[in-house]
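> task: produce atomic coordinates for the following.
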Amino acid sequence: MPYFSRLTDIVTCNLTSILEQAVDKKAALEEIIFEMKEGVSGAERSVNTAGNNVSQLEVEIGEQRAAIGSWVQSAQEALATNNEAKARQALERKHEVEDLIAGLEQQLESAISTRDHLRTMMNALQARLADATRRLKMLSNDENAAEDSQSSDSSAGFETSPDRQDRVDLELEALRKQMEVK
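Just a heads-up that it's a prediction; the model follows:
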């Protein structure tokens, strides 16, 4: 039975509530984790696509800015040969390119916002997945109480993103500095 119809359902879900209603908690968690992994994979693809869109827009804006310089140079050359009509035409093209750049810059702002939103959503999905994975591991440990329990690490078998690891490292260092001051 699918638990989630949208990625936001994963982020906003209450795992405790879902598990309380489940007959077989372990099977429910395994299904939830499967769906979450699919959601994270989809989110990663979306973030990559959005990042590529940002890069393409940045390249196109750079190319168009270079074209402005070319049109200005054409206008100067035309004036140097007393060809005012050609200079005027070159300046008109320059203004067209400037208008195009203005539109591309708005698209770029939107693309950056979309990429950042998708990245935030992906991080939230990864956090939910890590929580579900920890819960499954704890449930499995409870079922296998006779066996030696293993200590659970913060990632619970889920590989954290380099960005998250960098944030954790920075926060850990800040906490160390705070403790030294006291």
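
> going by C-alpha atoms from here, please, whenever you check contacts or count neighbours.
Fine.

> using PDB, write down the CA coordinates of the helix or strand hosting D169.
Per DSSP states H and E: D169 is located in helix 162-181. Extracted C-alpha coordinates of helix 162-181, given in PDB (Å, rounded to 0.1, in the frame of the first residue of the first chain):
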ATOM      1  CA  PRO A 162      28.600  16.300   1.500                       C
ATOM      2  CA  ASP A 163      26.700  19.600   2.100                       C
ATOM      3  CA  ARG A 164      25.100  18.200   5.200                       C
ATOM      4  CA  GLN A 165      28.400  16.700   6.400                       C
ATOM      5  CA  ASP A 166      30.100  20.200   6.000                       C
ATOM      6  CA  ARG A 167      27.300  21.800   8.000                       C
ATOM      7  CA  VAL A 168      27.700  19.300  10.700                       C
ATOM      8  CA  ASP A 169      31.500  19.800  10.800                       C
ATOM      9  CA  LEU A 170      31.100  23.600  11.000                       C
ATOM     10  CA  GLU A 171      28.500  23.300  13.800                       C
ATOM     11  CA  LEU A 172      30.700  20.800  15.700                       C
ATOM     12  CA  GLU A 173      33.600  23.200  15.500                       C
ATOM     13  CA  ALA A 174      31.400  26.100  16.700                       C
ATOM     14  CA  LEU A 175      30.300  24.000  19.700                       C
ATOM     15  CA  ARG A 176      33.900  23.200  20.500                       C
ATOM     16  CA  LYS A 177      34.800  26.900  20.500                       C
ATOM     17  CA  GLN A 178      31.700  27.700  22.700                       C
ATOM     18  CA  MET A 179      32.800  25.100  25.200                       C
ATOM     19  CA  GLU A 180      36.300  26.500  25.300                       C
ATOM     20  CA  VAL A 181      35.000  30.000  26.200                       C
END
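
> and that helix, average pLDDT?
The average pLDDT for helix 162-181 rounds to 84.

> number of residues surrounding L118?
20 (other CA atoms under 10 Å).

> what's near enough to touch it?
By CA atoms under 8 Å, 6 or more residues apart in numbering, the contact list for L118 reads A43, S46, V47.

> now do the SS call for the residue nearest the centre of the chain.
The chain has R119 as the residue nearest its centroid, 1.9 Å off, counting by CA atoms, centre = their mean. Three-state call for R119 (DSSP: H, G, I helix; E, B strand; the rest coil): helix.

> now swap in I68 and tell me
The assignment at I68 comes out as helix when based on three-state DSSP.

> returning to that earlier point: so which strand or helix has the closest residue to the residue nearest to the centre of the chain other than its chain neighbours?
Counting by CA to CA, 6 or more residues apart in numbering, V47 is the residue found nearest to R119 once chain neighbours are left out, at 5.9 Å. When elements are assigned from DSSP H and E, V47 belongs to helix 25-80.
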